[in-house]
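> Let's see this in three dimensions:
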Amino acid sequence: MVIEENKNNFKFSNVKKTNYRWIICSLLFFATTINYVDRQVLSLLQPFLSEKFNWSYSDYANITSVFQFCYAISLLFAGRFVDKIGIKRGYSWALILWSIGAVIHAFATFFGSIISPIFSIFGILIPISVAGFIFARFILGVGEAGNFPAAIKTTAEWFPKKERSFATGIFNSGANIGAVIAPLTVPLISKYFGWELAFVIVGMSGFLWLIFWSYYCDSPKKLFEKNKINKLEYDYINSDIEEQFTEKDINKKDGKNCCSRISWFYLLKYRQTWSFIVGKFLTDGVWWFFLFWLPAFLKSYYGITGTQIMLPLTIVYTMTMFGSVFGGWLPNFFINKGKDMYSARMTTMIVIAIFPLVVLFTQPLSKVGSYWIPIFLIGIGTSAHQAWSANLFTTVSDMFPKKIVASVIGIGGMAGGISGVLVSKTGGWLLDYYNSLGNIEIGYTILFAFCATAYLLAWCIMKILVPKFNQINL
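From the prediction side, this is the model:
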């Protein structure tokens, strides 16, 4: 109920809070969907491309590792870049770059014919096809690094703390939708139009998103001044009192944004930063493994390739979508039970960390003849990861000022990307080694064991580093 004044008379008006912030959240969801479709095209076409270009497991691991390494290093700079120029322009530049990188995959052999001879001058022999895809993954990795720092920073600017994990869970589920859309479309495009056009069509879709982002996105303050959101929603977005003081402190020098003068090394002195780094380093590799190696696993065990892979992958990532949204909602359940924000977040994460243990049974049950039981167990594991991720990301916006959220996300994201590189390289080596011995199952057993236990280990270390909530005031 709001009181309005009209010619010295007062009247009551039932003014409802606008919900513009959910339009912003939907844009984050679609950007993340495009992001994951772009990065997954290669893994879906891996069985076909490996045969076409005669790749070994290590060749494929090298290609994926370049993406992950570039993604990891670029995350560190992407976070600072987004903090400096803002979410609207920062997100736009990131998406333009990764869309170009996605399209370049279609011309991998052309670029490989240029790059491979250059490496040979230094005594590094790389097949033309491998060199071309490495170049394409390099561009893709640099661009895609901007997605999550920009998205988490946007969430911090547009949502109060109590809604952030839910909003993060929603936009983060775009990763799962992308992982569902990709196996439903990419094999068909490749089958009827060729593998090159699969990369081109998927890559060009990002430019459509840019139109909507340019039109709808701006800061809450500017959109309030333009009457796109009303005062009720504006006050609700800025309802976290302690954040208002922190933002005031970080901007108090001449009224300017001082975040660009806060070094990465300064942020590393906080246990909260290290808690996020540990959480990302120990668990991101699990997601990368399933994203890039699940098609290879299904081919090795069940001979599934091409369009046959559509249904099992769709089931896995549909399950994952629900896990992401549920994980984002669950902290509110514990808050309603009387827990404070951080306790609710950590309680949620320990509950989630138990579920990946079912992945331990994937290997024994893979011999029963049907792939549906392993697919279901892997689906539980990937669902748990996205539920975990929704809360892990939100711990940063809970404890750090909005102005440096993207920088901290970038530091942790780099750790997660390096984890992905290590898992991919180790996975490729293990599978090649045990495949040469005629017992590739042992390689998968080791990898699944890591995927099952990583979350419990990460939670324990995070709890030791930050046993209770402590707001960072710079």
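> low pLDDT regions in the protein?
1-15, 241-261, 306, 366-369, 474 (pLDDT under 70).
> who's in contact with the nearest residue to residue 104 once chain neighbours are set aside?
Of all residues not flanking residue 104 in the chain, residue 136 sits nearest, at 4.3 Å (C-beta to C-beta, 6 or more residues apart in numbering). In short, each C-beta sits where N, CA and C put it, glycine included. The contact partners of residue 136, by C-beta atoms under 8 Å, 6 or more residues apart in numbering, come to 101-102, 104-105, 107-108, 111.
> run the last query once more with 6 Å
Counting by C-beta atoms under 6 Å, 6 or more residues apart in numbering, residue 136 makes contact with 104-105, 108.
> Just give me the neighbour total for residue 215.
9 (other C-beta atoms under 10 Å).
> whoops, I mixed them up, residue 134
Residues near residue 134, counting by other C-beta under 10 Å: 24.
> ok, then the element right after the strand or helix carrying it?
Using DSSP states H and E, residue 134 sits within helix 128-144. Downstream of helix 128-144, the first helix or strand assigned by DSSP H and E is helix 147-158.
> And for that next one, what's in contact with it?
So helix 147-158 is contacted by 21, 24, 28, 35, 78-79, 82, 87, 90-91, 164, 167-168, 171, 393, 397, 402, 405-406, 409-410 (C-beta under 6 Å, 6+ apart).
> quick one: residue 237 from residue 83, how far?
Noted for residue 237: a distance of 19 Å to residue 83, by C-beta to C-beta, to the nearest Å.
> who's more crowded, those two?
Here residue 237 and residue 83 are compared on neighbour count by other C-beta under 10 Å; more neighbours surround residue 83, at 26 against 20.
> Make sure that one is indeed in a helix.
Yes - counting by DSSP: H, G, I helix; E, B strand; the rest coil, residue 83 is found in a helix.
> Show me where the stretch 51-200 of the chain has its helices.
57-85, 87-104, 108-121, 128-144, 147-158, 161-193, 195-216 (DSSP state H, counting those that start in this stretch).
> looking at these, which is buried most?
helix 147-158 (a mean of 28; mean count of other C-beta atoms under 10 Å).
> Next, the angle from that one to helix 57-85.
Angle, helix 147-158 to helix 57-85, by axes from the mean of the first three to the mean of the last three C-alpha atoms, to 10 degrees: 30 degrees.
> picking that back up, how close does the residue nearest to residue 104 get to residue 96?
Residue 136 is 16 Å from residue 96, by C-beta to C-beta.
> now do residue 290
28 Å.
> Could you do residue 389 as well?
Residue 389 is 25 Å from residue 96, by C-beta to C-beta.
> and the nearest residue to residue 134 once chain neighbours are set aside, what does it touch?
Here the nearest residue to residue 134 in space, its sequence neighbours aside, is residue 66; by C-beta to C-beta, 6+ apart that works out to 4.7 Å. Neighbour list for residue 66: 134, 137-138 [criterion: C-beta under 6 Å, 6+ apart].
> 10 Å - rerun?
130, 133-138, 140-141, 421, 424 (C-beta atoms under 10 Å, 6 or more residues apart in numbering).
> Kindly reformat those residues as a markdown table containing distance to residue 275.
As requested, these are exported to a markdown table (distance: C-beta to C-beta, whole Å):
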| residue | distance to residue 275 |
| --- | --- |
| 130 | 38 |
| 133 | 36 |
| 134 | 34 |
| 135 | 36 |
| 136 | 35 |
| 137 | 30 |
| 138 | 30 |
| 140 | 29 |
| 141 | 25 |
| 421 | 22 |
| 424 | 25 |
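> which one of these is nearest residue 205?
residue 140 (14.0 Å; C-beta to C-beta).
> Quick one: residues contacting that closest one.
Residue 140 neighbours (C-beta under 10 Å, 6+ apart): 35, 38-39, 41-42, 66-67, 70-71, 97-105, 199, 203.
> before we move on, what about residue 448?
286, 289, 297, 356, 359-364, 366, 374, 377-378, 381.
> tell me which element it falls in.
helix 440-465.
> Report the angle between that helix and helix 57-85.
Going by the same axes, to 10 degrees, helix 440-465 makes 30 degrees with helix 57-85.
> now helix 440-465, how far from the centre of its chain.
When C-alpha coordinates are averaged (C-alpha atoms, centre = their mean, to the nearest Å), helix 440-465 and its chain have centres 19 Å apart.
> With stretch 102-116 instead?
Worked out by C-alpha atoms, centre = their mean, stretch 102-116 lies 26 Å from the chain centre.
> Need the distance between the two termini of that stretch.
20 Å (C-alpha to C-alpha, to the nearest Å).
> Let the chain start at 23 from now.
OK, 23 is where the count begins now, so the last one is stretch 124-138.
> buried stuff in the helix holding residue 470?
462, 465-467, 469-470, 472-477, 480-481, 484, 487 (16 or more other C-beta atoms under 10 Å).
> Tell me how far the residue nearest the centre of the chain lies from residue 430.
Centroid-nearest residue in the chain: residue 170, 5.8 Å away (criterion: C-alpha atoms, centre = their mean). Residue 170 is 12 Å from residue 430, where distance means C-beta to C-beta.
> overlap in contacts of these two?
Common neighbours of residue 170 and residue 430 (C-beta under 10 Å, 6+ apart) are residue 101.
> wait, what's in contact with the nearest residue in space to residue 190 that is not next to it in sequence?
Nearest residue to residue 190 in three dimensions, chain neighbours excluded: residue 412, at 4.8 Å (C-beta to C-beta, 6+ apart). Residues near residue 412 by C-beta under 10 Å, 6+ apart: 186-195, 345-353, 370-371, 374.
> before we move on, what about residue 344?
195, 198, 401, 405, 408-409.
> Going by secondary structure, residue 418 is in what exactly?
helix 394-421.
> between the helix or strand just after that helix and helix 109-126, how many degrees?
Next along the chain after helix 394-421, taking DSSP H and E as the criterion, comes helix 427-458. What separates the directions of helix 427-458 and helix 109-126 is an angle of 20 degrees, with the same axes, to 10 degrees.
> List the buried residues of helix 427-458.
Buried-residue list, helix 427-458, by 16+ other C-beta under 10 Å: 427-450, 452-454, 456-457.
> Distance from that helix to the middle of the chain?
14 Å.
> Does that helix pack against any helices or strands, and if so which?
Applying 3 or more C-beta pairs under 10 Å, 6 or more residues apart in numbering; DSSP states H and E, one finds that helix 427-458 makes contact with helix 79-107, helix 169-180, helix 286-289, helix 293-324, helix 394-421, helix 462-487.
> redo that, cut-off 6 Å
Under the contact definition 3 or more C-beta pairs under 6 Å, 6 or more residues apart in numbering; DSSP states H and E, helix 427-458 sits against helix 79-107, helix 169-180, helix 293-324, helix 394-421, helix 462-487.
> returning to what we had before: in PDB, could you pull the C-alpha coordinates for the helix holding residue 156?
Provided in PDB are the C-alpha atoms of helix 150-166 (Å, rounded to 0.1, in the frame of the first residue of the first chain):
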ATOM      1  CA  ILE A 150      46.900 -29.500 -39.300                       C
ATOM      2  CA  SER A 151      43.400 -30.400 -38.000                       C
ATOM      3  CA  VAL A 152      44.500 -30.400 -34.300                       C
ATOM      4  CA  ALA A 153      46.300 -27.000 -34.800                       C
ATOM      5  CA  GLY A 154      43.200 -25.500 -36.400                       C
ATOM      6  CA  PHE A 155      40.800 -26.600 -33.700                       C
ATOM      7  CA  ILE A 156      43.300 -25.500 -31.000                       C
ATOM      8  CA  PHE A 157      43.200 -22.000 -32.500                       C
ATOM      9  CA  ALA A 158      39.300 -22.000 -32.600                       C
ATOM     10  CA  ARG A 159      39.200 -23.200 -29.000                       C
ATOM     11  CA  PHE A 160      41.600 -20.500 -28.000                       C
ATOM     12  CA  ILE A 161      39.300 -17.700 -29.300                       C
ATOM     13  CA  LEU A 162      36.200 -19.400 -27.900                       C
ATOM     14  CA  GLY A 163      37.800 -19.800 -24.400                       C
ATOM     15  CA  VAL A 164      38.900 -16.200 -24.200                       C
ATOM     16  CA  GLY A 165      35.400 -15.000 -25.100                       C
ATOM     17  CA  GLU A 166      33.400 -17.400 -23.000                       C
END
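> Many thanks, we can stop here.
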